[in-house]
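Enquirer: The sequence and its predicted three-dimensional model are supplied below.
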Number of protein chains: 2
Amino acid sequence: MSLDAILSRIDADLPQATERLLDLLRIPSISTDPAYKAECERAADWLVADLRALGVAAEKRATPGHPMVVGHVDGDGPHLLLYGHYDVQPVDPIELWDRDPFDPEVQDTAKGTVIRGRGAADDKGQLMTFVEACRAWKAETGRLPCKLTFFLEGEEESGSPSLVPFMTENADELKADLALICDTGLFDSRVPAITTMLRGLLGEELTITAPSRDLHSGMYGGIAMNPVRVLSKIIASLHDETGRVTVPGFYDGVPELPDELRQQWQGLAFDHARFLGDVGLSTPAGEQDRTPLEMIWARPTCEVNGIWGGYTGAGFKTVLPSQAHAKISFRLVGSQDPLAIRESFRKMVTEMLPPDCEVEFKGHGASTAGAFDTSDPAFEAARQALSQEWPDPAAYIGCGGSIPIAGHFARITETTPMLIGFGKDDDQLHSPNEKYDMESFHKGIRSWARVLDALTRAA
Amino acid sequence: MSLDAILSRIDADLPQATERLLDLLRIPSISTDPAYKAECERAADWLVADLRALGVAAEKRATPGHPMVVGHVDGDGPHLLLYGHYDVQPVDPIELWDRDPFDPEVQDTAKGTVIRGRGAADDKGQLMTFVEACRAWKAETGRLPCKLTFFLEGEEESGSPSLVPFMTENADELKADLALICDTGLFDSRVPAITTMLRGLLGEELTITAPSRDLHSGMYGGIAMNPVRVLSKIIASLHDETGRVTVPGFYDGVPELPDELRQQWQGLAFDHARFLGDVGLSTPAGEQDRTPLEMIWARPTCEVNGIWGGYTGAGFKTVLPSQAHAKISFRLVGSQDPLAIRESFRKMVTEMLPPDCEVEFKGHGASTAGAFDTSDPAFEAARQALSQEWPDPAAYIGCGGSIPIAGHFARITETTPMLIGFGKDDDQLHSPNEKYDMESFHKGIRSWARVLDALTRAA
C-alpha cells in the first residue's frame, strides 16, 4: 500500500467527493426544530447508504429523538472510532443569507473556493473528510485501513438529549482504542491543530411574567410592572464592570492556565485584532485582566443567545407585555460544576424579582469542560502526520466551543478522544452564509489519510 | 321629536346594530402592517356606504397612507364633528386568542354579554355607538339632529402619519363647534366620564449592532461584545430605584396636579388593588411617591413595548447575535416636549455605548399631552346628559393613553374637543381577546342620543 497513491486518488476524486457533500447538504436536518424531524431521518438514511457502499455494516439506530448512525468494519491494527454529527443549526435570520441555505454550491470568492450552505463546516463537511479518506483508501487498497467504528449523531445542535443514554446502553459496542472527533478547527490556515481543551456548556431559558396578560401601555403604563424591564435588569447584572460574571460561586473550579501552556499560547501567532476585525469589532469584551486567547479558550463566559418580548413586528404597538424571555448560556472551564451554577443562577434571578413577578426556567443541556491527556503516543503520531500536510507544524490548542462528546468517550466508554478538524474562524458557523473552504475539505481528506496511515503504523 | 321614542328605537334595533358592528369587525384593518392595506381600504368603504345610507354625503379621501372617511350633512343648531378610527391593533400573540380575532361573536360571560373581536372596543364598537344613535334619530324623526361632520381615521394605531397634513390641508372643512371624540372609557361601569386630560406619546425604536454578523458563542463568546448585554444595560438604566425616568431633562414641563383636581380624584372610588388585581398584579410599579391614579393619568412614563435579538425559536442556538432591538415609548404630560426628550434619549443611549457598538434610531410618532378647557357650557350639558343614562353622575377624568387628535382639533381647526367613550378597564385593548361590553355598546348608543339632544337644545 502506498500513501502517495491514496493521496493522488483523493486529488483526482475531489469533484465527485464535493458532489456527494453537496447532496448531503441539501437535506435540511435541523435537529432543534421538530418540523424537520423527517429530514433528520433522511440525512441518517443517506449516511447509512454511503457507509454501506464502503463495505461498512452501518445502520440507523432509533433513540427517543433523532437516530444515531452506527457502522462497523473489521480489520487489523488499532480500533478507531469516528464521531461526527449530521444535524445542523437553524437558519434564521434567513433574510441575511445570500442564497437558500439548503441549496448549497461551490463558489469562487476573493478568499478562495468555498462550499456554501448550512452544515458545510458544522459538521457535514468535516465528517465527510473522514468518510472520503476511507473511500480513497478502499478504492486504492481494496480494504479499509483498520478496524473502524462510525458513530454519527443527529442531535448535537440541540443539546444531545439521547447521546449519554445511547452511549451508556451501548458502551461495549462503542469502545475503541481512540475516538477521532471531527468537529473542530485549524489554528489558522497554515497551522493544523489537535484540540486538547474544550469549554463546557450550560443552557438556560427563562420566562418572566408580570401582568397576567398583555396590557395597553397607555392605560397601565406607569403602574404595572413591565417584565422587559425586569429581564433587562437581570441581564445587565450578570456581568460586573470588569467583565466578570456575577453569578455567586461561578468561578469555583476555574483554574489558572498552567505556565507551560501559557508560554506555548504566547508563541502562537494569534492576531486578535484580525479575529475581531473580521466581524467588525476591535476591543476584546471579556474580563479585562485576561488575554484574548484565554478569553476564548480558557475562561468561562455568560452570553445571551436570544431575547424576546412584546411587539416585535413592523411599526409600533403600545403594548405593555405580559412576558419577557431570554435564552442564556454559560461556557465552562476546568472543574466548574454546571448543575451547581444552574442552581446558583436560578437563585440569583429569583431573588432579583420585584413583587408580582414570576420566573419559569427551562434547562437546555449541561456539560462540563474537558482537558485531554496527550501522553498517548498516538497524539504525537497524529501531530506529525498533520504537520506533513500543512505549511506549518500542528499545535495542541484550546477551543471556546463545547463538544461534550469528548468527555463522554473518556468517561462512558473509556476511549481516549482526539479532536482533529479543519474549520476556519470565518466559516460562519451557526450564522448566515456558513461555508467550508474547499482547501479545508480537500486537505482535510488528505490529512485523515495521513493520520490513518500514521496511526495504523504506530500501533 | 321625543327623546324617549329615539331611546326606545335604539333598544328595539340593538340586535341589528350588533350585526352591523360584527360586519365591520370582520374586516382585519390592521394599519401598522402593510400586508393589510387592502383591508383598511375595505373598512373605509364599508363606513362610507353605511354613512351614505344615513343620508350623509360621505367619501373616502386618499392620503399617502390609509384613507380618511369624511362625511357631511347639513342641519340646524350646532355643528358637531364626530371623530373615531376604523383601524385596529395587530393581533399577536395570536396563540393567546380563544378564537379568530376577525371572526367576532357575541358571548355570554360570567361578567355579562360581550362583543369579542379585535377592534370591538378600540375603536370600531365605540365609533358605531355614535353612528347608531344617528341612525335611530333619523329613523324616528326623518332627519339627523343637527349639522354633522363625520371624520374617521385609518392610521390611529400606527402613529397617524397622514393626520396632521390632512387636517391642515382641510382645516376649513373640518372646523366645527365641537369635536366629539369617541375613543376613551367610562370611569367605571357606574360612572360615565368626559376625559379632560390626556398623556402625549413619544415612540422610539433602536437597533444596537455589535459584531457585523451573528457569531458562534463558543468561538467568540467572552471576547466579542454581545448587543443584548448592551441593550439590557440601557433599558435597565432608564429608571432609577424609585421608579423615576432617568433621561436628562425628562421631567421638564411636568406639572404638579392642581389641588382641586387632586381632591376630585381622591373622591373617585378608584380601586387600584382591583385595577391591578384584574391583571395579576398587586403593587403599583411607578414612581414611589405618587398615587396610583396620578401614575396612570398625570405622570409621564417610559415603557419597553418590544424587545428582540438572537435566536427566539424552539430549542437552543448558541449564537452571539449581531443585533438587538427594542421599541420604547414615553407617555408625556403637561408641557413635556417630545422632540426635546427624543433628542435627550438618543444622546443618553449613544453615550452609554461601549466600544465597537453602533445604534440606529427610528422615531414612531411624537405628540404632546393635552388638558382641555371645560368652561364651554356644552361640557356641563353633556355631563348632565350622560348622568341621566348611567347609575352615577358623570366625572371629568384623566386618561393614561394618548389621543393626539384632541390636541390637533384645538390647534389646527380651533375646535373644542370633547372626549366621551364607553370602554371599560377590562376590555383588553391591544391585547388578545379584546371585547366590548354589550352594555357599553347599548348604553353608549343611548348616551349619544341623550348628548346630541342636550347639545342641540343647549345651542
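Expert: Cool, got the structure.
Enquirer: What strand or helix carries A:Pro255?
Expert: In this structure, A:Pro255 sits in neither a helix nor a strand according to DSSP states H and E.
Enquirer: mind giving me the domain ranges of chain A?
Expert: Annotated domains of chain A cover A:3-198+A:369-458, A:200-256+A:291-365 [automatic domain parsing].
Enquirer: Find the residue ranges of chain A scoring beneath the pLDDT cut-off.
Expert: By pLDDT under 70, the weakly predicted segments of chain A are A:1, A:459.
Enquirer: Okay, helices next: where are they in it?
Expert: A:3-25, A:37-53, A:124-141, A:163-169, A:217-220, A:227-236, A:259-267, A:272-277, A:292-297, A:338-352, A:377-389, A:404-412, A:438-458 (DSSP state H).
Enquirer: Quick check: which of these is buried the most?
Expert: Mean neighbour count (mean count of other CB atoms under 10 Å in any protein chain shown) peaks for helix A:217-220 among these, with a mean of 26. The way it works is simple: take the backbone N, C-alpha and C, and place the C-beta from them, glycine included.
Enquirer: can you tell me how far the spatially closest residue to A:Ala285 that is not a sequence neighbour sits from B:Ala324?
Expert: Closest residue to A:Ala285 apart from its sequence neighbours, by CB to CB, 6 or more residues apart in numbering or on different chains: B:Met225 at 3.9 Å. Taking CB to CB, to the nearest Å as the measure, B:Met225 falls 11 Å from B:Ala324.
Enquirer: that older thread, tabulate the helices of chain A (a markdown table), appending distance to chain B.
Expert: What follows is those, written out as a markdown table (distance: least, CB to the nearest CB, whole Å):
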| stretch | distance to chain B |
| --- | --- |
| helix A:3-25 | 18 |
| helix A:37-53 | 12 |
| helix A:124-141 | 14 |
| helix A:163-169 | 15 |
| helix A:217-220 | 3 |
| helix A:227-236 | 4 |
| helix A:259-267 | 14 |
| helix A:272-277 | 7 |
| helix A:292-297 | 4 |
| helix A:338-352 | 11 |
| helix A:377-389 | 21 |
| helix A:404-412 | 12 |
| helix A:438-458 | 15 |
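Enquirer: What about the closest residue to A:Asn170 other than its chain neighbours, how many residues nearby?
Expert: In space, and not counting its chain neighbours, A:Asn170 is closest to A:Val70: 7.7 Å by CB to CB, 6+ apart. The tally of other residues near A:Val70 (other CB atoms under 10 Å in any protein chain shown) stands at 22.
Enquirer: close enough to count as contact, A:Val70 and A:Leu148?
Expert: No. With contacts counted by CB atoms under 8 Å, A:Val70 stays clear of A:Leu148, the gap being 11.5 Å.
Enquirer: For A:Val304, see how far away the residue nearest to A:Ala285 is.
Expert: 12 Å.
Enquirer: got it, and A:Ala121?
Expert: A:Ala121 is 24 Å from A:Val304, by CB to CB.
Enquirer: Ok, A:Phe441 next?
Expert: 33 Å.
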